[in-house]
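K.L.:
need a structure here:
(2 chains)
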Amino acid sequence: MTQEQMPTTEQPTPAEPRWMQRIAPRDVDWTTLVIIPLLAVLSALIIGAVIIVLTDGFGAVLPAYWALFKGAFVGWSSISETLLAATPLILAGLSVAIGFQAGLFNIGAEGQMTIGGLTAVIVGFNFEGLPLVVHLPLAVLAGFLGGALWGFIPGILRARTGAHEVITTIMLNFIAYRTLDYMLKLPFIQKEGRFDPVSKDVLDSATFPPILKWLPVENADRLRLHLGFIVALAVAWLVYWILYRSTIGFEFRAVGANPHAAKYGGIGVATAIVLVMALAGGLAGMAGGNETLGVLGRATPGFTAQIGFDAIALALLGRSHPGGVVLASILFGALRAGGRTMQAQSDVGIDLIVVVQALIIVFIAAPELVRAIYRVKGGKKQGQVTRGWST
Amino acid sequence: MVDLTAVTGSVELVRAPAEVRRARILGITYLLLAVVVYFVFAAGTDGDVTFRFGEQAGDLEWTVSASLLATVAAIIFGFLGGVQLTKGFGSKTNLVLGAAMGVFAFTFLGWAGAGKSIGIVGILVTTVAAATPIAFGALSGVMCERVAVINIGIEGMLLTGAFTGAVVGTVLSPVLGIIGATLAGGVMALGLAVLAIRYRVDQIIAGVVINIFALGITSFLSAQVLVENASELNNPGVLGPLRIPLLADIPVLGRILFNQNIFVYVLYSLVGVMTYLLFRTRWGLRSRAVGEHPKAADTLGIDVFRTRYRNVFYGGMIAGFGGAYFTLGSVGSFNENMTAGRGFIGLAAMIFGRWHPVGALAAALVFGFAESLQIRLSILDVGIPSEFLLMAPYVVTIIVVAGVVGAARPPAADGQPYIKQ
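P.N.:
Below you'll find the model as predicted:
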């Protein structure tokens, strides 16, 4: 043992530039981080193809997948749609990921998005006359705070009473849906002259401006990608910084790794839990705000479109790392954007994408399955993300 | 769930601080209810309310002044609060709580319906109907969680059952549709079991996957296949109510409980059978042992994995059967995402019902009552937004898991994968 270990300690550090080490460090577990996710996506697409064969016959597979690919990546408009769809996914995915890092399972991203989207809209259609540089950040902040409140509730319940956050966040999702239904019918939110639950329109000064209009391509003014994407990337970097470069982030991860040890080490576990849940809620709230202040321009019942549940898949696929979440979100964004083209141009419905996404989670969550199918070796075994109700 | 009454009976005087706190909160809640009922309900209404218990108008009616009713209720709550704070109700605490909830619901109805007449029987018939799928979901959860497998996928299993029930029910026959739905739920549960037991996937993630997958596949197949051939594939018809001869003739109750469809009767028997099996048979003892302390169970020669697989499969079948209620028992055709969160209310009912079949049924009835009341109130057009009643099950569940009113204790090993040494 010792003889084997000796030489490695004496080895000189490789003469690689620092950025190279940053991007591709030597000790990275490639099997877990790259190969298994790729195989998982591949397997899910193959099973998706089998489902297409069963419902529409062999001939339907290639046209459907070609339309999916085209709608996701071919041409500026597709890329714009993919990144646009990825934007709320990034924010919601970060919300679940930061929870996982602290050992908390935030199933409540959907509800936090709902409330965050609603508070963002309320600020967004009020305050006429403010310039964009003031109004938009204010509305985004409102979204963050709304979501943070919805995340704070399960956080404080967990910290004070031990109520499991999975149960409370599931329940809060439904409470959020009903709250939205109710609020959208209040006179100061409901659009004038409407009897269905629709909010007033967000003012231009609080709407994310499109960012690809300047491109010298045809129909550049139809490219819908907006500033929210840049904001989401910045937030992803910020979350990375918090988690891996700040003391509080270290505390979060310590609580996630072992709450007892963290407590022994002098970390306020209860405070950390409340903070993480509020932060996670805030991120999901921003995802909601991104939708209502972005392409939707208002809040309607069910505007979250299951993004809060996709977020769980994204956090798993991205291994709860902000960078991984961004990449996973772009993949899921591509599936969402491409799925719409697939539905329009071939006979295969968009719900296939939901099935494919579910299968991706299965394979990511059960890496043993992928290993068994493809005979992949190596990679470290993962632990459980959450603990049962009783803890 | 070891029976601790023999132990705790002798140390009744030394109550745990949490229990004391809970009793106090409960007492204060009663007193608050008394105040609210008196000042909002009693002071805020005039006029009489008529409760109808019979089939037709003028038959078995009871007309009472709404404010008098509320005043009496306020006195009752005041009394309950006083007793709870001083003496306590001991083992009858939950029973009293249930009765108090009933009184509150009655007073609330009186207040909402002041000046009008309210058909109690109609509300309760709808309550039983609304509670049925919720209760099946909750029983499915009980079945799985008693062997320590968390089942978040109830919603997905209900949806799969609903879909299969509609298709098989149309193509073959409604009875075969029910059987197909039951098996389909079981297959989904086996998926959960394989992920959770064989691959030790985090059980909550596995359940979430089941839900997403079920929603995706049923929506996809529905849009792809069912919509175009609705009459040949998605038109099973509804199984009508079956009148049970003697029992249905009981005044008031008979019409509520014994003039329902087959699903409701299966539900009654299932609650009884499950309670008996779980708490009175060897199978039940073994299942509970696996849920509480799998290692000890394994040491005693119980096959932990097989027990878990089997119970999760049964749980899935229960949910699948309950899912068929949506298509074969109530709507008559499959619509995308038609379960609309009932599986999650079922999960809530399981927790509220403390992982016990009878408790789960009672909780489902409470939640079903909220749903039924919501429908009725939106017709009566009172000041209460219907959304708040729809929220009630979820709010109640949060209050329960937070331990404010009675502790809800899950099986000790719930959610933990078992690794054989």
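K.L.:
What is the burial count for whichever residue of the stretch 151-300 of chain B sits closest to chain A?
P.N.:
Nearest residue of the stretch 151-300 of chain B to chain A (CB to the nearest CB) works out as B:Gly216 at 3.1 Å. The way it works is simple: take the backbone N, C-alpha and C, and place the C-beta from them, glycine included. As a burial measure, B:Gly216 scores 24 neighbours (other CB atoms under 10 Å in any protein chain shown).
K.L.:
Who are the contact partners of residue 199?
P.N.:
Picked chain A for this. The contact partners of A:Ser199, by CB atoms under 8 Å, 6 or more residues apart in numbering or on different chains, come to A:118, A:121-122, A:125, A:184, A:189-191, A:292, A:298-300.
K.L.:
actually chain B
P.N.:
By CB under 8 Å, 6+ apart, B:Tyr199 lies in contact with A:365-366, A:368-369.
K.L.:
at 6 Å what do you get?
P.N.:
Neighbour list for B:Tyr199: A:366, A:368 [criterion: CB atoms under 6 Å, 6 or more residues apart in numbering or on different chains].
K.L.:
any low-confidence regions in chain B?
P.N.:
B:1-18, B:55-59, B:381-383, B:404-408, B:421 (pLDDT under 70).
K.L.:
Which element, helix or strand, includes the residue positioned nearest the centre of chain A?
P.N.:
Computing the C-alpha centroid of chain A and ranking residues by CA atoms, centre = their mean puts A:Gly93 first, at 2.0 Å. Following DSSP states H and E, one finds A:Gly93 within helix A:76-101.
K.L.:
How far off centre is that helix?
P.N.:
On the basis of CA atoms, centre = their mean, to the nearest Å, the separation between the geometric centre of helix A:76-101 and that of its chain is 5 Å.
K.L.:
Which SSE is immediately downstream of it?
P.N.:
As assigned by DSSP H and E, the chain's next helix or strand after helix A:76-101 is helix A:109-125.
K.L.:
if we can go back for a sec, next, the contact list for the residue lying closest to the residue nearest to the centre of chain A once chain neighbours are set aside, please.
P.N.:
Sequence neighbours aside, A:Leu314 is the residue nearest to A:Gly93 in space, at 3.2 Å (criterion: CB to CB, 6 or more residues apart in numbering or on different chains). Contacts of A:Leu314 were listed using CB under 6 Å, 6+ apart, and they are A:89, A:93, A:325, A:328-329.
K.L.:
mind redoing it with 7 Å?
P.N.:
Applying CB atoms under 7 Å, 6 or more residues apart in numbering or on different chains, we find A:Leu314 in contact with A:89, A:93, A:325, A:328-329, A:332.
K.L.:
Identify the farthest-apart pair in the residues you listed.
P.N.:
The two members of the contacts of A:Leu314 with the most space between them (CB to CB) are A:Val325 and A:Phe332, at 10.2 Å.
K.L.:
Neighbour count: those two, which is higher?
P.N.:
Ranked by neighbour count (other CB under 10 Å), A:Val325 and A:Phe332 place A:Val325 first, with 30 against 26.
K.L.:
For the more buried one, what is the enclosing helix or strand?
P.N.:
helix A:322-345.
K.L.:
and the angle from the helix or strand just after that helix to helix A:322-345?
P.N.:
Remark: after helix A:322-345, the chain's next helix or strand is helix A:351-365, criterion DSSP H and E. Relative orientation of helix A:351-365 and helix A:322-345, computed by axes from the mean of the first three to the mean of the last three CA atoms, to 10 degrees: 150 degrees.
K.L.:
Any residue of helix A:351-365 touching chain B?
P.N.:
Yes - using CB under 7 Å from any CB of the partner chain, we find that helix A:351-365 touches chain B at A:351-352, A:354-355, A:357-358, A:361-362, A:365.
K.L.:
residues from chain A in reach of chain B?
P.N.:
Counting by CB under 7 Å from any CB, chain A sits next to chain B at A:55, A:105, A:157, A:161, A:163-164, A:166-168, A:170-171, A:174-175, A:178, A:181-182, A:309, A:312, A:316, A:349, A:351-352, A:354-355, A:357-358, A:361-362, A:365-366, A:368-369, A:384-390.
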